[in-house]
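Undergrad: Task: produce atomic coordinates for the following.
(chains A and B)
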There are 2 protein chains.
Amino acid sequence: MEDKTLSLTLLFDYYGDLLTEKQKTYCDLYYNQDFSLAEIAEEEGISRQGVYDALQRSEAILRNMEEKTGFVKKAQERTRLLEEIRKAALAVKELPQGAPLADTILSAIDGMKE
Amino acid sequence: MEDKTLSLTLLFDYYGDLLTEKQKTYCDLYYNQDFSLAEIAEEEGISRQGVYDALQRSEAILRNMEEKTGFVKKAQERTRLLEEIRKAALAVKELPQGAPLADTILSAIDGMKE
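TA: So this is what the prediction gives:
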């Protein structure tokens, strides 16, 4: 928990619903809203140590989920491949009779946004 | 656990690595290899009730994961959309100068197989 890496924000985004309501609240304040431990403690009326422990526990849960399932890593790979498809579809759009097919592809890609 | 639905096989496929080794073994035998409770009990040297309890517990974990995250449902929707893209790409392949773009798209789709 030394730095607030992109990775934990991302893990929280994917797996956050697996945390308890309190864990979710602290993680949201810490990772998404950039509150300090002291600010969360004051806001939530608990000790700074209590916030720290809850965040540590949450981080362990989130990292364990990703280690076991790799869903976030797979999602990032999909994002990369969808971008390749999107670029190809934009080129298809310029071909004679390509536009309707390109639109079908682009709209399916939009439906897959995560 | 009254019937072995596609759904639980699918949930096990996605979330199985979150189970303990024993739970994984019983689920694999029950859902993938179609063993009966009695057969698993004999194979693993535990009581039939023990197998039943472990499967119940596993099912609760798997269903809870899906209820909280919805990853399997999202994956199924992606499969549907990727199939739309695949069909459009096959049509692109028939257009003049369409083949290389279609191949790019089809190969990206292959990279996304889950």
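
Undergrad: Contacts for the lowest-mean-pLDDT helix or strand in chain A, please.
TA: The least trusted helix or strand in chain A, going by mean pLDDT, DSSP states H and E, turns out to be helix A:6-15, with a mean of 90. Outside helix A:6-15, the residues that touch it by CB atoms under 8 Å, 6 or more residues apart in numbering or on different chains are A:27-28, A:31-32, A:58-59, A:61-63, A:65-66, A:71-72, A:75, B:69. Where you see a C-beta, it was placed from the backbone N, CA and C, and this is true even at glycine.

Undergrad: Residue A:34 in helix, strand or coil?
TA: Judged by DSSP: H, G, I helix; E, B strand; the rest coil, the three-state class of residue A:34 is coil.

Undergrad: Local confidence estimate at it?
TA: Note on residue A:34: pLDDT of 94.

Undergrad: Could you do residue A:4 as well?
TA: For residue A:4, the pLDDT comes out at 47.

Undergrad: about what we covered before: quick one: which of the contacts of helix A:6-15 sit in helices?
TA: A:27, A:58-59, A:61-63, A:65-66, A:71-72, A:75, B:69 (DSSP state H).

Undergrad: before we move on, back to that, ok, and for the least confident helix or strand of chain A, which residues are buried?
TA: For helix A:6-15, burial by neighbour count (16 or more other CB atoms under 10 Å in any protein chain shown) applies to A:8, A:10-12, A:14-15.

Undergrad: And chain B, is stretch A:106-114 touching that?
TA: Yes. Legend: contact between stretch A:106-114 and chain B by CB under 8 Å from any CB of the partner chain is shown at A:108-109, A:111-112, A:114.

Undergrad: Just the buried residues of those residues.
TA: Neighbour counting over these (16+ other CB under 10 Å) leaves A:108-109, A:112 as the buried ones.

Undergrad: Show me which residues of chain A sit near chain B.
TA: By the rule CB under 8 Å from any CB, the part of chain A lying against chain B is A:14-15, A:17-18, A:65, A:68-69, A:71, A:74, A:77-78, A:81-82, A:84-85, A:88-89, A:91-92, A:95-98, A:101, A:104-105, A:108-109, A:111-112, A:114.

Undergrad: Now the buried members of these.
TA: Using 16+ other CB under 10 Å as the burial test, those include A:14-15, A:18, A:65, A:69, A:71, A:78, A:81-82, A:85, A:88-89, A:91-92, A:95, A:98, A:101, A:104-105, A:108-109, A:112 as buried.

Undergrad: among those residues, which are in helices?
TA: Using DSSP H, the members of those that fall in helices are A:14-15, A:65, A:69, A:71, A:78, A:81-82, A:85, A:88-89, A:91-92, A:101, A:104-105, A:108-109.

Undergrad: Please tell me how far residue A:39 sits from residue B:90.
TA: 55 Å (CB to CB, to the nearest Å).

Undergrad: Okay, now the unreliable bits of chain A?
TA: By pLDDT under 70, the low-scoring segments of chain A are A:1-6.

Undergrad: Please repeat the previous calculation with a cut-off of 50.
TA: A:1-4 (pLDDT under 50).

Undergrad: If we ignore the residues flanking it in sequence, what's nearest the residue in it sticking out farthest from the centre?
TA: Farthest-out residue of chain A from its mean C-alpha position, per CA atoms, centre = their mean: residue A:96, at 38.9 Å. Among residues not flanking residue A:96 along the chain, residue B:96 sits closest, at 6.7 Å (CB to CB, 6 or more residues apart in numbering or on different chains).
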